[in-house]
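Asks: give the three-dimensional model of this entry:
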Amino acid sequence: MPPPATVSNVVRPAAQAQPGRTTQSPSVVPTRCDLPILTICAVFAAVGALVLFCFDPQQYHCYPVCFFHQTTGLLCPGCGALRAMHQLLHGHLVTAFRFNPVLIVSLPLLFWFGAKFALQKARHQPLSLGLRPAWLWLMLAAVLVVSVLRNLPGASFALLRP
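Replies: All right, here's what the predicted structure looks like:
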């Protein structure tokens, strides 16, 4: 009777090469449409920023409305984001923070992720955020806490409202 299989006495066969198949991880091959798509996205972002810079969301009503706020009367996490970005484009950081603090605090993180994504794309590396799930849950919890606090009555929570 053979001895039971344990970690120490199990012999694994060496990887055998098969014709037409490699044992290395596949490399990310850039496609021809990557550059035009990124260029189109950059042009749309620049045009959107220019429109937001020139037309104040408090004065012009051509911007989309928040259906969550219209339906419930409550402030969603995105309420005040257009006004905050307009103020940020004009260099008014404190006013932008007053309209939507979550957006302003998260912008450096979003820029970092965008730069990391672009660098991985330029180096033809597999795309990954490199972020642990616990951090994602923590960010989601922070957004939800701020969203609840900005809807509570009272003067102490008025600073979170746009």
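Asks: Ser147: which element?
Replies: helix 133-149 (DSSP states H and E).
Asks: I meant to write Pro108 there.
Replies: Under the criterion of DSSP H and E, Pro108 resides in helix 101-122.
Asks: just Gln87 next, same as before
Replies: Assessed by DSSP H and E, Gln87 sits inside helix 81-89.
Asks: now that helix - C-alpha only, CSV.
Replies: Output of helix 81-89 as CSV, limited to C-alpha atoms (Å, rounded to 0.1, in the frame of the first residue of the first chain):
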residue,chain,number,x,y,z
ALA,A,81,-20.5,68.7,-8.3
LEU,A,82,-21.1,70.9,-11.4
ARG,A,83,-21.0,74.0,-9.3
ALA,A,84,-17.9,72.7,-7.5
MET,A,85,-16.1,72.0,-10.8
HIS,A,86,-17.0,75.4,-12.2
GLN,A,87,-15.6,77.1,-9.1
LEU,A,88,-12.5,74.9,-9.2
LEU,A,89,-11.9,75.8,-12.9
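Asks: what packs against that helix?
Replies: If contacts are counted by 3 or more Cβ pairs under 8 Å, 6 or more residues apart in numbering; DSSP states H and E, helix 81-89 sits against helix 34-54, helix 93-99, helix 101-122. The C-beta positions use only the backbone N, C-alpha and C, and glycine is treated the same way.
Asks: pLDDT value on the residue most central in space within the chain, please?
Replies: Centroid-nearest residue in the chain, with Cα atoms, centre = their mean: Leu110, separated by 5.5 Å. Here the pLDDT value assigned to Leu110 is 87.
Asks: any idea how far Leu103 is from it?
Replies: Separation of Leu110 from Leu103 (Cβ to Cβ, to the nearest Å): 9 Å.
Asks: and the helices and strands packed on helix 81-89: which comes nearest Ala81?
Replies: Closest approach to Ala81 among these is made by helix 101-122 (5.1 Å; Cβ to Cβ).
Asks: which helices and strands does that closest one pack with?
Replies: Against helix 101-122 (3+ Cβ pairs under 8 Å, 6+ apart) you get helix 81-89, helix 93-99, helix 133-149.
Asks: how about residues contacting the second one?
Replies: Meaning helix 93-99. Here helix 93-99 makes contact (Cβ atoms under 8 Å, 6 or more residues apart in numbering) with 80-81, 83-85, 87-88, 104-105, 159, 162.
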